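J.: Need a 3D model of the sequence below.
(one chain, ligands or ions: 1)
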Amino acid sequence: MISTNRKPRAFAPDPAAPGQGCDSPGCLLEGGFRAPKSRTNLREFHWFCLDHVREYNASWDYYKGMSAGEIEAAARADASWQRPSWPLGQNGSAAKLQEAVEAELHAFAFGSERPRAATRANTPPELREALEVFELVWPVSLDTVKATYKALAKKHHPDANQGSKQAEERLKTINLAYATLRAKLA
Ligand SMILES: [Zn+2]
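T.: Numbering: from 1, shown residues only. Below you'll find the predicted structure:
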(Lines give C-alpha, C1' and ligand atoms only; values in the text may rest on other atoms or scores of the structure.)
Protein backbone atom coordinates (compact mmCIF):
# COMPACT_ATOMS: atom_id res chain seq x y z
CA MET A 1 0.00 0.00 0.00
CA ILE A 2 1.32 3.41 -0.91
CA SER A 3 1.21 6.02 1.79
CA THR A 4 -0.18 9.31 0.59
CA ASN A 5 0.87 11.09 3.73
CA ARG A 6 4.59 11.06 3.30
CA LYS A 7 6.91 13.16 5.32
CA PRO A 8 8.97 15.55 3.26
CA ARG A 9 11.79 13.54 1.81
CA ALA A 10 14.93 14.89 3.32
CA PHE A 11 17.10 13.60 0.50
CA ALA A 12 14.98 14.30 -2.52
CA PRO A 13 16.78 16.47 -5.07
CA ASP A 14 15.59 20.01 -4.72
CA PRO A 15 13.74 21.30 -7.78
CA ALA A 16 15.24 24.73 -7.03
CA ALA A 17 18.80 23.42 -7.35
CA PRO A 18 20.81 25.88 -9.40
CA GLY A 19 22.25 23.10 -11.53
CA GLN A 20 25.79 23.60 -10.35
CA GLY A 21 28.33 21.19 -8.98
CA CYS A 22 28.50 19.87 -5.45
CA ASP A 23 30.05 22.40 -3.06
CA SER A 24 32.32 19.83 -1.50
CA PRO A 25 35.84 20.54 -2.78
CA GLY A 26 36.88 18.14 -5.47
CA CYS A 27 33.45 16.60 -5.87
CA LEU A 28 32.25 16.63 -9.45
CA LEU A 29 28.73 15.41 -8.86
CA GLU A 30 25.76 17.66 -9.26
CA GLY A 31 24.76 19.66 -6.19
CA GLY A 32 21.10 18.77 -6.15
CA PHE A 33 20.65 18.85 -2.38
CA ARG A 34 20.72 21.90 -0.25
CA ALA A 35 21.85 22.51 3.28
CA PRO A 36 21.62 25.79 5.18
CA LYS A 37 24.96 27.52 5.49
CA SER A 38 24.48 28.20 9.18
CA ARG A 39 21.97 28.11 11.97
CA THR A 40 21.69 31.85 11.89
CA ASN A 41 21.38 32.11 8.15
CA LEU A 42 18.90 29.54 6.99
CA ARG A 43 18.21 31.26 3.70
CA GLU A 44 21.60 30.72 2.18
CA PHE A 45 22.50 27.25 1.12
CA HIS A 46 25.31 25.00 0.22
CA TRP A 47 24.49 22.66 -2.62
CA PHE A 48 25.78 19.15 -2.30
CA CYS A 49 25.48 15.78 -3.95
CA LEU A 50 23.60 13.16 -1.95
CA ASP A 51 26.64 11.75 -0.17
CA HIS A 52 27.98 15.14 0.78
CA VAL A 53 24.67 16.52 1.97
CA ARG A 54 24.39 13.44 4.17
CA GLU A 55 27.83 14.08 5.58
CA TYR A 56 27.00 17.70 6.08
CA ASN A 57 23.72 16.91 7.80
CA ALA A 58 25.38 14.33 10.00
CA SER A 59 27.84 16.93 11.20
CA TRP A 60 25.04 19.38 11.67
CA ASP A 61 23.18 16.91 13.85
CA TYR A 62 26.34 16.31 15.79
CA TYR A 63 25.87 19.58 17.63
CA LYS A 64 22.11 19.49 17.86
CA GLY A 65 20.81 20.03 21.36
CA MET A 66 24.21 20.84 22.81
CA SER A 67 24.72 23.94 24.86
CA ALA A 68 27.23 26.49 23.63
CA GLY A 69 29.69 25.26 26.22
CA GLU A 70 29.28 21.65 25.19
CA ILE A 71 29.75 22.54 21.55
CA GLU A 72 32.87 24.44 22.39
CA ALA A 73 34.22 21.52 24.39
CA ALA A 74 33.41 19.05 21.62
CA ALA A 75 34.85 21.25 18.92
CA ARG A 76 37.98 21.89 20.93
CA ALA A 77 38.52 18.24 21.70
CA ASP A 78 38.16 17.43 18.05
CA ALA A 79 40.25 20.25 16.72
CA SER A 80 42.94 20.76 19.29
CA TRP A 81 45.50 18.66 17.46
CA GLN A 82 44.64 20.34 14.25
CA ARG A 83 44.37 24.01 15.09
CA PRO A 84 46.60 24.93 17.99
CA SER A 85 45.37 28.51 17.85
CA TRP A 86 41.71 27.63 18.11
CA PRO A 87 40.09 31.03 18.46
CA LEU A 88 37.60 30.24 21.20
CA GLY A 89 40.08 30.68 23.99
CA GLN A 90 40.56 34.32 23.21
CA ASN A 91 37.28 35.69 24.41
CA GLY A 92 34.59 33.16 23.59
CA SER A 93 32.18 35.74 22.25
CA ALA A 94 29.02 34.45 20.65
CA ALA A 95 30.14 35.53 17.20
CA LYS A 96 33.47 33.82 17.58
CA LEU A 97 31.82 30.70 18.87
CA GLN A 98 29.46 30.68 15.93
CA GLU A 99 32.36 31.16 13.56
CA ALA A 100 34.31 28.38 15.19
CA VAL A 101 31.36 26.03 15.11
CA GLU A 102 30.82 26.82 11.45
CA ALA A 103 34.45 26.04 10.77
CA GLU A 104 34.11 22.78 12.61
CA LEU A 105 30.90 21.88 10.80
CA HIS A 106 32.70 22.61 7.58
CA ALA A 107 35.54 20.35 8.62
CA PHE A 108 33.06 17.59 9.38
CA ALA A 109 31.28 18.05 6.10
CA PHE A 110 34.49 18.00 4.10
CA GLY A 111 36.24 15.07 5.60
CA SER A 112 39.20 15.31 3.28
CA GLU A 113 40.16 18.60 4.87
CA ARG A 114 40.72 17.05 8.25
CA PRO A 115 44.33 16.01 8.30
CA ARG A 116 45.09 12.91 10.26
CA ALA A 117 48.34 13.12 12.14
CA ALA A 118 49.35 9.61 11.16
CA THR A 119 49.07 10.17 7.43
CA ARG A 120 50.36 13.70 7.51
CA ALA A 121 53.70 12.45 8.82
CA ASN A 122 54.02 10.21 5.75
CA THR A 123 53.45 13.00 3.26
CA PRO A 124 56.27 13.15 0.72
CA PRO A 125 58.02 16.44 1.54
CA GLU A 126 58.11 17.52 -2.10
CA LEU A 127 54.32 17.31 -2.25
CA ARG A 128 53.47 19.18 0.93
CA GLU A 129 53.09 22.56 -0.69
CA ALA A 130 51.08 21.24 -3.61
CA LEU A 131 48.76 19.29 -1.31
CA GLU A 132 48.24 22.42 0.74
CA VAL A 133 47.24 24.35 -2.36
CA PHE A 134 44.76 21.59 -3.16
CA GLU A 135 43.66 21.33 0.47
CA LEU A 136 44.17 17.61 0.30
CA VAL A 137 45.72 15.23 2.77
CA TRP A 138 48.14 12.51 1.85
CA PRO A 139 47.58 9.85 0.63
CA VAL A 140 45.62 11.01 -2.39
CA SER A 141 44.65 9.31 -5.62
CA LEU A 142 45.26 10.71 -9.06
CA ASP A 143 41.49 10.78 -9.55
CA THR A 144 41.02 12.96 -6.48
CA VAL A 145 43.78 15.27 -7.63
CA LYS A 146 42.26 15.55 -11.09
CA ALA A 147 38.79 16.22 -9.71
CA THR A 148 40.09 18.80 -7.26
CA TYR A 149 42.08 20.47 -9.98
CA LYS A 150 39.03 20.72 -12.17
CA ALA A 151 37.02 22.35 -9.39
CA LEU A 152 39.81 24.73 -8.37
CA ALA A 153 40.64 25.74 -11.91
CA LYS A 154 37.01 26.53 -12.53
CA LYS A 155 36.69 28.53 -9.32
CA HIS A 156 39.86 30.54 -9.82
CA HIS A 157 39.70 31.01 -13.55
CA PRO A 158 40.10 34.72 -14.33
CA ASP A 159 36.97 34.56 -16.46
CA ALA A 160 35.03 33.61 -13.37
CA ASN A 161 36.65 36.40 -11.37
CA GLN A 162 36.21 39.50 -13.52
CA GLY A 163 39.68 39.00 -14.94
CA SER A 164 41.20 39.45 -11.49
CA LYS A 165 45.01 39.47 -11.46
CA GLN A 166 44.90 37.73 -8.11
CA ALA A 167 42.80 34.91 -9.51
CA GLU A 168 45.27 34.61 -12.36
CA GLU A 169 48.18 34.26 -9.95
CA ARG A 170 46.22 31.78 -7.90
CA LEU A 171 45.49 29.77 -10.99
CA LYS A 172 49.21 29.65 -11.82
CA THR A 173 49.91 28.29 -8.34
CA ILE A 174 47.16 25.73 -8.82
CA ASN A 175 48.55 24.69 -12.20
CA LEU A 176 52.00 24.27 -10.72
CA ALA A 177 50.67 22.23 -7.81
CA TYR A 178 48.72 20.08 -10.24
CA ALA A 179 51.81 19.40 -12.34
CA THR A 180 53.74 18.42 -9.22
CA LEU A 181 51.07 16.07 -7.95
CA ARG A 182 50.38 14.54 -11.32
CA ALA A 183 54.04 13.85 -11.96
CA LYS A 184 54.26 11.99 -8.68
CA LEU A 185 51.01 10.05 -9.00
CA ALA A 186 50.84 9.27 -12.70
ZN1 LIG B 1 29.63 15.88 -3.48
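J.: Relative to residue 129, how far out is residue 27?
T.: Residue 27 sits 23 Å away from residue 129, going by C-beta to C-beta, to the nearest Å. (Each C-beta comes from the backbone N, C-alpha and C, glycine too.)
J.: Compare neighbour counts for those two and give me the winner.
T.: Taking other C-beta atoms under 10 Å, residue 27 and residue 129 do not tie; residue 27 has more neighbours (20 against 13).
J.: what residues are up against that one?
T.: Contacts for residue 27 (C-beta atoms under 8 Å, 6 or more residues apart in numbering) come out as 21, 48-49, 52, 147, 151.
J.: And for stretch 138-145, what's in contact with it?
T.: Counting by C-beta under 8 Å, 6+ apart, 26, 112, 119-120, 122-124, 127, 131, 134, 136, 178, 181-182, 185-186 sit against stretch 138-145.
J.: In terms of secondary structure, what does the longest helix along the chain contact?
T.: The longest helix of the chain (DSSP state H) is helix 165-185. The contact analysis (3 or more C-beta pairs under 8 Å, 6 or more residues apart in numbering; DSSP states H and E) places helix 165-185 against helix 128-134, helix 142-156.
J.: closest to residue 17 out of those helices?
T.: Closest to residue 17 of those is helix 142-156 (C-beta to C-beta; 17.4 Å).
J.: mean confidence for stretch 178-186?
T.: Stretch 178-186 carries an average pLDDT of 90.
J.: Just the buried residues of that stretch, please?
T.: Buried positions in stretch 178-186, judged by neighbour count with 16 or more other C-beta atoms under 10 Å: 178, 180-181.
J.: which among those gets closest to residue 164?
T.: If you rank the buried residues of stretch 178-186 by distance to residue 164 using C-beta to C-beta, residue 178 comes first, at 19.7 Å.
J.: need the contact list for that closest one.
T.: Going by C-beta under 8 Å, 6+ apart, residue 178 touches 130, 134, 145, 149.
J.: Relative to the ion, how far out is the nearest residue to the first one once chain neighbours are set aside?
T.: In this case it means residue 130. In space, and not counting its chain neighbours, residue 130 is closest to residue 177: 3.8 Å by C-beta to C-beta, 6 or more residues apart in numbering. Per C-beta to the ion, to the nearest Å, residue 177 is found 21 Å from the ion.
J.: quick check: domain ranges of the chain?
T.: As assigned by automatic domain parsing, the chain contains the domains 33-113, 117-185.
J.: If you average pLDDT over each of these, which is lowest?
T.: domain 33-113 (a mean of 63).
J.: neighbours of the closest residue to residue 20 other than its chain neighbours, just the number please.
T.: In this structure, residue 20 finds its nearest non-sequential neighbour in residue 31, 5.6 Å apart by C-beta to C-beta, 6+ apart. Residue 31: 25 surrounding residues under other C-beta under 10 Å.
J.: Pretty sure residue 21 sits against residue 46.
T.: No - Residue 21 is beyond contact range of residue 46, at 11.5 Å (criterion: C-beta atoms under 8 Å).
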